[in-house]
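Undergrad: here's a sequence, model it:
(one chain, ligands or ions: 1)
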Amino acid sequence: MSENVTVVAVDGPAASGKSTVSRVLAKKLGYLYVDTGAMYRAITWKALEENIDVDDTIAVIAMMHRIKIDFELVDKQVRMLIDGVYPGSAIREPRVTGKVSTIAAIPEVRQVLVHHQRSLTKFGNLVMEGRDIGSVVFPDTPHKFYLEASPEVRAERRKRDLEAMEIPASQEGVKESLQLRDRKDSVRSASPLQIALGATVIENSHLSIEENANVILDHIRQQSLRRGSFSAGGA
Ligand code: CDP
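TA: Residues are numbered from 1 along each chain as shown. Next up is the predicted model:
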């Protein structure tokens, strides 16, 4: 990590509130927001667009070598483009969600994306959320957080997200799909979902987005004051 750049790592299971909390936190800190799940989803979307069988690891790796990955900054958020295209909300469709954990378990896919994720410090201070940010992507950052919530609360949150996108969803169906993805993400051998060494665990079932972001902000302030290095703009 570049000397003067600060990275806040936010990890956790599916629908644990990482994206919403990280967006608010990034705004409060004046940092850029990076959603690494969106990157794994975009690769999955691209494979499906090309009619590649996601279980055909060789074909997926060949695609990774073929595509061109770029990044752009829009409203202080880092967006990934594949061959010049930003797939937008298509990456949230159930067909992508159903396959993303298979794609994310391929070490070669992770290697390429982790390389790009590390390079994003060139844009400035970051709040980066995902599954392996504190454990693998930026293990040296002192600011690591792991968000958790009960399966019921997570299913309810995801159901609401899907309904907002006009994708019909049942509470039980969503709960099952989250559990399946968490299991796949936790048991894979390449960078499994885990609580990074030194991470602060926050159970947020009963916290609002604002409260959760403020808990993190307080921790960052204390950690930085101890290190004599707090430099967040607007915080
Ligand atoms: O938003 P949600 O919690 O549904 O998941 P996401 O953050 O969009 O991530 C989608 C999937 O990408 C996860 O289920 C993981 O399989 C994978 N992922 C990962 O392996 N490593 C990351 N740093 C981020 C996401």
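Undergrad: so which residues on this protein come close to the ligand?
TA: 14-15, 19, 36-37, 40-41, 100-101, 104, 130-132, 181, 185 (CB under 6 Å from any ligand atom). All C-beta atoms are positioned from the backbone trio N, CA, C, and that covers glycine.
Undergrad: of these, which belong to helices?
TA: 19, 36-37, 40-41, 100-101, 104, 181, 185 (DSSP state H).
Undergrad: which one of the residues you listed is nearest to Glu210?
TA: For these, the minimum distance to Glu210 (CB to CB) is 14.8 Å, reached by Ser19.
Undergrad: contact partners for that closest one?
TA: 35, 37, 129 (CB atoms under 8 Å, 6 or more residues apart in numbering).
Undergrad: likewise Met63?
TA: Applying CB under 8 Å, 6+ apart, the residues near Met63 are 46-47, 50, 52.
Undergrad: over to Ile52?
TA: 59-60, 63.
Undergrad: surely Ala38 meets Val78?
TA: No: between Ala38 and Val78 there is no contact under CB atoms under 8 Å: 9.3 Å.
Undergrad: how far off centre is the longest helix anywhere in the chain?
TA: In terms of residue count, the longest helix belonging to the chain (DSSP H) is helix 209-227. Relative to its chain's centre, helix 209-227 lies at 19 Å (CA atoms, centre = their mean, to the nearest Å).
Undergrad: related to what we said a few turns ago, of the contacts of Ser19, closest to the ligand?
TA: Gly37 (2.1 Å; CB to the nearest ligand atom).
Undergrad: and Asp185, what does it touch?
TA: Asp185 neighbours (CB under 8 Å, 6+ apart): 13-14, 101, 104, 131, 192-193.
Undergrad: from the residues you listed, pick the one nearest Leu29.
TA: Arg131 (21.6 Å).
Undergrad: any chance you could map the strands in the protein?
TA: Assigned by DSSP state E, the strands in the chain fall at 7-11, 32-35, 69-74, 77-82, 126-130, 143-148, 200-203.
Undergrad: what residues sit buried inside the fourth one?
TA: Burial within strand 77-82, assessed by neighbour count using 16 or more other CB atoms under 10 Å, is assigned to 78-80, 82.
Undergrad: hang on, the earlier thing: can you tell which of the strands of the chain is closest to Glu108?
TA: That would be strand 69-74 among the strands of the chain, by CB to CB, at 13.6 Å.
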